[in-house]
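In: Dropping a prediction and its sequence here:
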Amino acid sequence: MDTLRSVLEFLPPPMRDPVMFAIPFFLLLLTIEWTAARRLEHVDPAEGDRAPAGAFHTRDAWTSVSMGLVSVATTAGWKLLALLGYAVLYAYVAPWQLPADKWYTWVIALLGVDLLWYTYHRVAHRVRLIWATHQAHHSSEYFNFATALRQKWNNSGEIVAWIPLPLLGIPPWVVFAAFSVNLIYQFWVHTERIGKLPRPIEFVFNTPSHHRVHHGSDELYLDRNYGGILIIWDRLFGTFQEEVFRPRYGLTKPVGTYNIWKLQTHEYVAIAHDVRSARRWTDRLGYVFGPPGWTPARTCETTEVTT
């Protein structure tokens, strides 16, 4: 642990995030998968209007990569803000400070990040304002390693979600390292090239099969399998769904653009439009804090027809 910390501290600040070390491997795996799928870009008649399993679409993939490159910079900014807040909580509010060189601190950090990721991720799918930050990741109708790079630019929700960890006395840099491990793990589950794994692995860990379900827009698969590294949270809290057929990927209402700015912001624009059109404050709050797709209850008025 001391060696890793020394290496990270020696590097310039932008390079201290372990995710930076993983980027070359992300790109290597993406290139291998993309090369293997180069003949699968076009629609397969056997799948109707759908691309075959494992397919890449060039514009879609470059859109995902572009969004991921921008997210490297935006995430660094959010982490800088979080570092200031976490440092205050760790130094002045936490009742104790856990040592970074002890194994149990890392176990608490890794499990804590994963549980809080599950919690945040579930909220992000059920509260429209937070969904607006997350929906860009689900906007691709393809599922491959490029999709894993289609990251959000607004990490404010995650930053709030990790607050319990410095309050528990976990050093801020350990929190960030544990989050990076979580993020790196989630890269490999974005593929159709890996089928179901042995049952013990499928029972405990998030796998490509489980995460394909999460990205499905089919009614059976909506709002399921929120886990990051572990799938046991979904099993414990009733949000688990087995993969029983190939999902249809993407949003239930496709955005229909490769413009990365529109993909990141269109839901905020839609929320603002709905809020402006609402007549009651309860409806305005519902459009902001209700689940995606929420609409006000309509009162049915009946008229009596006399003859």
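Out: Ah, there it is. Numbering: from 1, shown residues only.
In: Where does pLDDT dip in this protein?
Out: For the chain, the stretches with pLDDT under 70 are 1-50, 52, 54, 298-307.
In: how about the strands in it?
Out: Along the chain, no segments are classed as strands by DSSP state E.
In: Please tell me how far F237 sits from R224.
Out: 11 Å (C-beta to C-beta, to the nearest Å). C-beta coordinates here come from the backbone N, C-alpha and C atoms, glycine included.
In: what about those two, which has more around it?
Out: For the pair F237 and R224, the greater number of neighbours falls to R224 (18 against 13), based on other C-beta atoms under 10 Å.
In: how about that one, what does it touch?
Out: Counting by C-beta atoms under 8 Å, 6 or more residues apart in numbering, R224 makes contact with 213-214, 234, 239-241.
In: export these to CSV and tack on distance to W153 and neighbour count?
Out: Converted to CSV, the contacts of R224 look like this (distance: C-beta to C-beta, whole Å; neighbours: other C-beta atoms under 10 Å):
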residue, distance to W153, neighbour count
V213, 26, 22
H214, 21, 24
D234, 27, 21
T239, 26, 19
F240, 29, 17
Q241, 29, 17
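In: Let me have these in a markdown table, extended by distance to S140.
Out: Compiled in a markdown table, these are given as follows (distance: C-beta to C-beta, whole Å):
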| residue | distance to S140 |
| --- | --- |
| V213 | 16 |
| H214 | 13 |
| D234 | 22 |
| T239 | 22 |
| F240 | 23 |
| Q241 | 20 |
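In: Show me the helices in the stretch 201-307 of the chain, by range?
Out: Counting by DSSP state H, counting those that start in this stretch, the stretch 201-307 of the chain has these helices, from start to end: 208-214, 232-237, 260-277, 281-289.
In: which of the ones you listed is buried the deepest?
Out: Mean neighbour counts were taken over the helices of the stretch 201-307 of the chain using mean count of other C-beta atoms under 10 Å, and the top value, a mean of 22, falls to helix 208-214.
In: Could I get the helices of the stretch 201-307 of the chain in JSON lines, plus columns for distance to F145?
Out: Formatted as JSON lines, the helices of the stretch 201-307 of the chain follow (distance: least, C-beta to C-beta, whole Å):
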{"stretch": "helix 208-214", "distance to F145": "11"}
{"stretch": "helix 232-237", "distance to F145": "23"}
{"stretch": "helix 260-277", "distance to F145": "18"}
{"stretch": "helix 281-289", "distance to F145": "34"}
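In: so which of those helices gets nearest K152?
Out: helix 260-277 (7.1 Å; C-beta to C-beta).
In: Residues contacting the closest one, please?
Out: Counting contacts by C-beta under 8 Å, 6+ apart, the residues outside helix 260-277 that touch it are 63, 66-67, 70, 128-129, 131-132, 135-136, 139, 152-154, 255, 257, 284, 287-288.
In: how much space between the closest residue to N154 other than its chain neighbours and A161?
Out: The spatial neighbour of N154 that comes closest, neighbours along the chain excluded (C-beta to C-beta, 6 or more residues apart in numbering), is T133 at 4.2 Å. The gap separating T133 from A161 is 12 Å, by C-beta to C-beta.
In: Kindly report the same for F56.
Out: To A161, F56 is 32 Å away according to C-beta to C-beta.
In: Kindly report the same for H211.
Out: Counting by C-beta to C-beta, the separation of H211 from A161 is 19 Å.
In: repeat for D223
Out: Looking at D223 against A161, where the rule is C-beta to C-beta, the gap reads 18 Å.
In: okay, the two: which has more neighbours?
Out: The residue with more neighbours, out of D223 and A161, is A161; 21 against 13, by other C-beta under 10 Å.
In: what's the span of stretch 88-95 from first residue to last?
Out: 12 Å (C-alpha to C-alpha, to the nearest Å).
In: next one: stretch 243-258
Out: 28 Å.
In: Stretch 207-225 now?
Out: Counting by C-alpha to C-alpha: the opening and closing residues of stretch 207-225 are 10 Å apart.
In: separation between the spatially closest residue to F187 that is not a sequence neighbour and A73?
Out: Across the structure, with C-beta to C-beta, 6+ apart as the measure, the residue nearest F187 apart from its sequence neighbours is A148 (4.7 Å). Distance of A148 to A73, given as C-beta to C-beta: 18 Å.
In: More neighbours: those two, which one.
Out: Under the criterion of other C-beta under 10 Å, the comparison of A148 against A73 puts A148 first, with 23 against 10.
In: which helices and strands sit right next to the longest helix anywhere in the chain?
Out: Secondary structure of the chain read by DSSP state H shows that its longest helix is helix 58-88. Helices and strands in packing contact with helix 58-88 are listed as helix 18-36, helix 145-148, helix 156-161, helix 164-167, helix 172-187, helix 260-277; criterion 3 or more C-beta pairs under 8 Å, 6 or more residues apart in numbering; DSSP states H and E.
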